[in-house]
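> pasting the sequence and the predicted coordinates here, then a few questions.
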Amino acid sequence: MSLLPKTVNPDLQKERDNASIKAEEFAVWWHGGKDRLKIKRDLELHILDDLDEDIYRFPNLSHEEIYNAAIKDFIKLAKKIQELKVERNYDGTDIWPSSVLWGAMPAGNPLAVHCGMVIECIRIQGTDEQFEKFGKACQSFSMTSAYAQTELGHGTFIRGLETRADFDHHTDEFVLNTPTISSYKWWPGGMGQSANHCIVPANLYIDNVCKGLAMFVVPIRDMETHAPLPGVDVGDIGKRMGFAGVNNGYLGLKNVRIPRTNMLMRHSQVHRDGTFVQSPVSVLTYFTMVYIRCLIVRNVATQLSMAATIATRYSAVRRQSPINPNEPEVQIIDHLTQQKKLFPEMANSIAYKLAFTKLYQLYETTSQDIKHGEFSRLPEMHSLSCILKVLCTSTTMAGVDILRLACGGHGYLSSSNIGNIYLDVGASCTYEGENTVLLLQVGRFLMKSYRSALAGKKLAPTVAYLQNAVKEKSLCHWTGSWEDLLKILQIATAHKTHITYENLMARLKAGQTEAEAANNTGIELTQAAELHGICFVAATFLEEVTGPHSKPRSPALNKVLGNLLELFMISTVLKYMHEVLRVHKLSEAEIRSLQTRLEDSLKAVRPDAVVICDGFDHHDRNLFSTLGSYDGNVYERIFEEAKRCPLNKQPVPEVIHTHLKPFMKSNL
Ligand SMILES: CCC/C=C/C(=O)SCCNC(=O)CCNC(=O)[C@H](O)C(C)(C)COP(=O)([O-])OP(=O)([O-])OC[C@H]1O[C@@H](n2cnc3c(N)ncnc32)[C@H](O)[C@@H]1OP(=O)([O-])[O-]
Ligand SMILES: Cc1cc2nc3c(=O)[nH]c(=O)nc-3n(C[C@H](O)[C@H](O)[C@H](O)COP(=O)(O)OP(=O)(O)OC[C@H]3O[C@@H](n4cnc5c(N)ncnc54)[C@H](O)[C@@H]3O)c2cc1C
């Protein structure tokens, strides 16, 4: 019999009753308007509310059982989405890489890469006819696929990939081979057993001359039997830290033949006679990664808001230690240090979600440009997607762990779901471009931009601030306003960029090659890149709170958002104080006042913390947490979960009789 009360925990109810805004108002803002919120809720109503599976079952299953369950869950979900005929997510992105659907597959989606990456890859890299053939087959699930780029020996350095595709003039085919163990494709999500096709980036050879990387649609399993095709060696790479349901795979190819028309040919082509037409811009092959990096920002910011919701609701329900002796124990959310763990992460998730919205607008514009043969926005797009992917994933990974700590011992339970979120987010620091490597790409872009700034050339919009900051070495007058806080970060970034540039130049002057100098300047390049990204995130948050978007909002909501912005700005400036002090000598009193503002902003957020999290509007199924449910009945849920632990099924497990008792007896 369930121990769960039907009522909401009174401490949580009190939080909701006493807040300065209603969660609904925040939810409408957070999801971009009433209509979008409705789309999201309708999806949840049709999909999540209707899933009969026991949501907490997966931590108690084996690797194989989790995979089997994930496939079954996926099919249920796919059927529902087909029935509903929804194509777009509430934020305008394709429905499939949707964070709304997490609750349906808590151990990961075995066809996430198929739905989220391959379809878009075919759209970006394939011709319209190829999309009609392969893209539509993927959309209808008559074909299942994986994106097989990474090899056992190379993930980061794509030019080092060894898989080759040789054009056979006689048969009008490509012959694919992974000639060494290090060239085995390794890691692709869904490739182990779920996919029957792969997108394989490989070196294109014509008459044994390498023409660079191209993408090929390669059937790997029989369409009828699903058995691996001749020449294909495919399987699961074994247990990972997380993503148990995803089935990451390995793939070896030995003389696997595919028609010439299976090369994705929107940007470069091979004709029947073997003529090769080069892409107008070689890095277009990398554009699918740009798209996925954008979506990672959205997904991970959402995951941070999920962890923040779990930890904040729990902190409102949990009581421990009085603040004043002889008084009742307080809700742990009332300890100031607890607020410092919770609220900055709420602010971070908002900051990155806002940054995603801007990033995605730039992605859509750049995609349109590419369709019209215009590529000038690509470097800025690449740089921005890299830096936001890095900052959002690394901030979130650190943040989720802080939020776990904020839940004390119970945060460490699998059923809190914080561990699961942490593992997901941890992987995103590595996949789709390892974070340090992407920081170095941004550093490279900054060096080029700085050189242009010195030459008085016009800079891309997101680095335009460098132009002024190059001249403006410090702030003339410090008022401590949000605008000042942003300005000081921008000047610190410009300064960091400047000294990084100087050190790079000095190394070149001393005779190092460009590559050596870049390697030796790597630490500063990554630091400058990080600061640059922070400036973008801070500027976006500031614009949202103080710009024209604030007009239609109620004064109460604007106040709440202002409190969160204040917390974000102050925390950020304090975090980078060592860089700030290099460009502006803040006095002891000014630094003390920042510390006071930090404390005040935590207190200002406190009364609304629970409703802000409610306003993130996470369905209980998506949170999948004994600590974070809307009703706050934490102890009952934890207890029910313990009771369901398979070890508790019988009072004395078999192994005690067979091993422990005999061993104990032997020592009597
Ligand atoms: C759900 C989870 C699913 C996961 C899936 C995966 O993980 S899938 C696997 C995911 N795997 C990964 O993510 C692998 C990560 N590795 C990579 O992305 C690349 O190999 C690299 C960028 C690290 C280096 O590449 P490289 O050695 O070939 O390049 P370079 O450094 O010599 O720079 C040359 C020029 O290219 C420019 N440029 C570069 N990229 C882009 C771009 N996307 N767009 C536009 N431009 C780009 C760069 O700025 C530079 O321009 P410049 O200054 O000359 O004007
Ligand atoms: C959960 C998960 C899912 C994945 N899904 C897919 C998928 O669907 N398809 C796919 O193709 N791949 C996939 N991958 C692979 C992923 O894209 C790569 O692991 C990732 O790009 C990092 O490459 P790597 O493993 O070669 O790391 P490495 O590059 O070997 O990184 C190891 C270390 O070397 C450092 N390093 C490497 N190069 C440089 C450099 N130039 N300068 C400075 N430092 C450097 C890195 O910073 C890092 O510290 C997945 C990976 C994971 C973990």
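Here it is on my side, so go on. Everything numeric in this text was worked out from a predicted model, so none of it was measured. Ligands and ions are numbered 1, 2, ... in the order given.
> tell me the average confidence for whichever helix in the chain runs longest?
Secondary structure of the chain per DSSP state H: the longest helix is helix 336-371. What helix 336-371 shows for mean pLDDT is 96.
> for that helix, packing partners?
helix 287-317, helix 378-406, helix 522-546, helix 555-575, helix 588-605, helix 609-616 (3 or more Cβ pairs under 8 Å, 6 or more residues apart in numbering; DSSP states H and E). The C-beta positions use only the backbone N, C-alpha and C, and glycine is treated the same way.
> any chance of these in a markdown table, plus distance to P653?
Shown next, in a markdown table, are the helices and strands packed on helix 336-371 (distance: least, Cβ to Cβ, whole Å):
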| stretch | distance to P653 |
| --- | --- |
| helix 287-317 | 31 |
| helix 378-406 | 29 |
| helix 522-546 | 50 |
| helix 555-575 | 48 |
| helix 588-605 | 47 |
| helix 609-616 | 40 |
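> so which of those is nearest ligand 1?
Judged by Cβ to the nearest ligand atom, the one of the helices and strands packed on helix 336-371 that comes nearest to ligand 1 is helix 378-406, at 3.5 Å.
> tell me the buried residues in the closest one?
Buried residues in helix 378-406, counted by 16 or more other Cβ atoms under 10 Å: 378-397, 399-404, 406.
> can you check stretch 268-285 too?
Neighbour-count burial for stretch 268-285 flags 268-270, 276, 279, 284-285 (criterion: 16+ other Cβ under 10 Å).
> check stretch 230-239 too.
Neighbour count says stretch 230-239 has 232, 234, 236-237 buried, by 16+ other Cβ under 10 Å.
> quick one: contacts of that stretch?
Contacting residues not belonging to stretch 230-239 are listed as 63, 184, 186-187, 191-193, 220-221, 228, 247-256 [Cβ atoms under 8 Å, 6 or more residues apart in numbering].
> end-to-end on that stretch?
Criterion Cα to Cα, to the nearest Å; first-to-last residue distance in stretch 230-239 is 26 Å.
> now do that stretch, average pLDDT.
Average pLDDT, stretch 230-239: 97.
> near ligand 1, which residues of the stretch 351-500 of the chain show up?
Within the stretch 351-500 of the chain, the positions near ligand 1 by Cβ under 6 Å from any ligand atom are 378-379, 382, 431-433, 437, 441, 444.
> ok, these vs D73, which is closest?
Y431 (21.9 Å; Cβ to Cβ).
> now the closest one: closest residue in space, sequence neighbours ignored.
W187 (7.7 Å; Cβ to Cβ, 6 or more residues apart in numbering).
> show me what contacts the residue lying closest to S376 once chain neighbours are set aside?
Once flanking residues are discounted, S376 sits nearest to D369: 7.4 Å by Cβ to Cβ, 6+ apart. Going by Cβ under 8 Å, 6+ apart, D369 touches 375-377.
> any of those residues buried? List them.
Buried subset of those (neighbour count, 16+ other Cβ under 10 Å): R377.
> re earlier: from the residues of the stretch 351-500 of the chain next to ligand 1, which two are the most distant?
Pairwise distances across these peak at 22.7 Å for P379 and Y431 (criterion: Cβ to Cβ).
> which SS class is Q512?
With DSSP: H, G, I helix; E, B strand; the rest coil as the basis, Q512 sits in coil.
> measure it to ligand 1 for me?
Distance of Q512 to ligand 1, given as Cβ to the nearest ligand atom, to the nearest Å: 17 Å.
> mind checking pLDDT for the closest residue to that residue other than its chain neighbours?
Leaving aside its sequence neighbours, Q512 sits nearest to N520 (Cβ to Cβ, 6+ apart; 6.7 Å). Per-residue confidence (pLDDT) for N520: 98.
> how many residues are close by N520?
With neighbours defined by other Cβ atoms under 10 Å, the count for N520 comes to 15.
> and it, how far from T513?
Per Cβ to Cβ, to the nearest Å, N520 is found 10 Å from T513.
> before we move on, what about F616?
F616 is 49 Å from T513, by Cβ to Cβ.
> how about M664?
The gap separating M664 from T513 is 69 Å, by Cβ to Cβ.
> now swap in A165 and tell me
For A165, the distance to T513 - Cβ to Cβ - is 32 Å.
> ok, V583 next?
V583 is 31 Å from T513, where distance means Cβ to Cβ.
> what's in contact with the least confident helix or strand in the chain by mean pLDDT?
One helix or strand of the chain scores below all others by mean pLDDT, DSSP states H and E: helix 465-471, with a mean of 76. If you take Cβ under 8 Å, 6+ apart as the criterion, helix 465-471 is touched by 446, 449-450, 453-454, 459, 490-491, 493-495, 497-498, 535.
> closest residue of the chain to ligand 2?
Closest point on the chain to ligand 2, by Cβ to the nearest ligand atom, is G155, at 2.4 Å.
> what's near enough to touch that residue?
By Cβ under 8 Å, 6+ apart, the contact list for G155 reads 149, 187, 434.
> quick one: low-confidence parts of this structure?
For the chain, the stretches flagged by pLDDT under 70 are 1-3, 50-57, 88-92, 94-101, 469-470.
> near ligand 1, which residues of it are found?
Residues of the chain lying near ligand 1 by Cβ under 6 Å from any ligand atom: 112-113, 147, 149-150, 155-159, 189, 283, 286, 289-290, 378-379, 382, 431-433, 437, 441, 444.
> just the buried residues of the residues you listed.
112-113, 147, 149-150, 155, 189, 286, 289-290, 378-379, 382, 431-433, 441, 444.
> got a list of what V246 touches?
Per Cβ under 8 Å, 6+ apart, neighbours of V246: 70, 107-110, 112, 189-190, 240.
> same thing but at 6 Å, please
With contact taken as Cβ atoms under 6 Å, 6 or more residues apart in numbering, V246 is in contact with 108, 110, 189.
> again, but for P259
Contacts of P259 by Cβ under 6 Å, 6+ apart are E173.
> can you name the residues bridging to it?
In this entry, P259 is beta-bridged to E173, by DSSP bridges.
> quick one: E173 and V256 touch, right?
No. Contact criterion Cβ atoms under 6 Å: E173 and V256 do not qualify, at 9.8 Å.
> more neighbours: which of those two?
Counted by other Cβ under 10 Å, E173 and V256 do not tie: V256 has more neighbours, with 23 against 18.
> now the more buried one: how far from L229?
In terms of Cβ to Cβ, V256 sits 7 Å off from L229.
> ok, now E327?
Relative to L229, and taking Cβ to Cβ, E327 is found at 72 Å.
> next one: F639
F639 is 51 Å from L229, by Cβ to Cβ.
> just Q125 next, same as before
Q125 is 23 Å from L229, by Cβ to Cβ.
> the more surrounded of those two?
Neighbours per residue (other Cβ under 10 Å) separate Q125 from L229, with Q125 holding more: 25 against 16.
> done for today, thanks.
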